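Asker: Quick one: sequence plus predicted model below, questions after.
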Amino acid sequence: ELSLSSKRKVLVRFNEDSSGNSYRVDANTKPASNAWTHVAATYDGSTIKIYINGTLEASRNANFQLASNTLDLYLGSGNDGYRPYSGGLDDIRVYDRALTADEVQQLSTP
């Protein structure tokens, strides 16, 4: 899950159904409401990281297996429309590996 918290900070959370907030990391800053914000989250098998505009905001040591399922991927809200995102989404990417800090920085530069 990549989402906004109730405090409007970006968060990433893995395996929420089975692990709750055990594998959650919250960014330190709130994205500007009137400007594009680049958000990236990675997990390399030992550390969860969240980046805002190419800068590492927070990280957490973690060791878990990513859960898998056959559910559809939803962007902007859950499958039931709960807590819809009010804004624009652009250039969404999902990789099968953790990007390096340099790769995240390059992607965040317009």
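Answerer: That came through fine.
Asker: What count of nearby residues applies to the closest residue to Arg8 other than its chain neighbours?
Answerer: In space, Arg8 comes closest to Lys30 once its chain neighbours are excluded; the distance is 4.9 Å by CB to CB, 6 or more residues apart in numbering. (C-beta placed from N, C-alpha, C; glycine too.) For Lys30, the number of neighbouring residues by other CB atoms under 10 Å comes to 14.
Asker: any idea how far Lys30 lies from Thr47?
Answerer: To Thr47, Lys30 is 23 Å away according to CB to CB, to the nearest Å.
Asker: thinking again about what came up before, name the helix or strand for the residue nearest to Arg8, please.
Answerer: Element membership for Lys30, per DSSP states H and E: none, as it lies in no helix or strand.
Asker: Show the contacting residues for it.
Answerer: Listed by CB atoms under 8 Å, 6 or more residues apart in numbering, the contact set of Lys30 reads 7-9.
Asker: how close does it get to Ala41?
Answerer: 16 Å.
Asker: Just give the number of residues close to Ala101.
Answerer: 14.
Asker: same deal with Ile48?
Answerer: 21.
Asker: And the helix or strand containing it, what's buried?
Answerer: Of the helices and strands defined by DSSP H and E, Ile48 is found in strand 47-52. Taking 16 or more other CB atoms under 10 Å as the basis for neighbour counts, the residues of strand 47-52 that come out buried are 48-52.
Asker: hmm, which helix or strand of this structure has the shakiest average pLDDT?
Answerer: Across the helices and strands of the chain, the lowest-confidence element by mean pLDDT, DSSP states H and E is helix 16-19, at a mean of 72.
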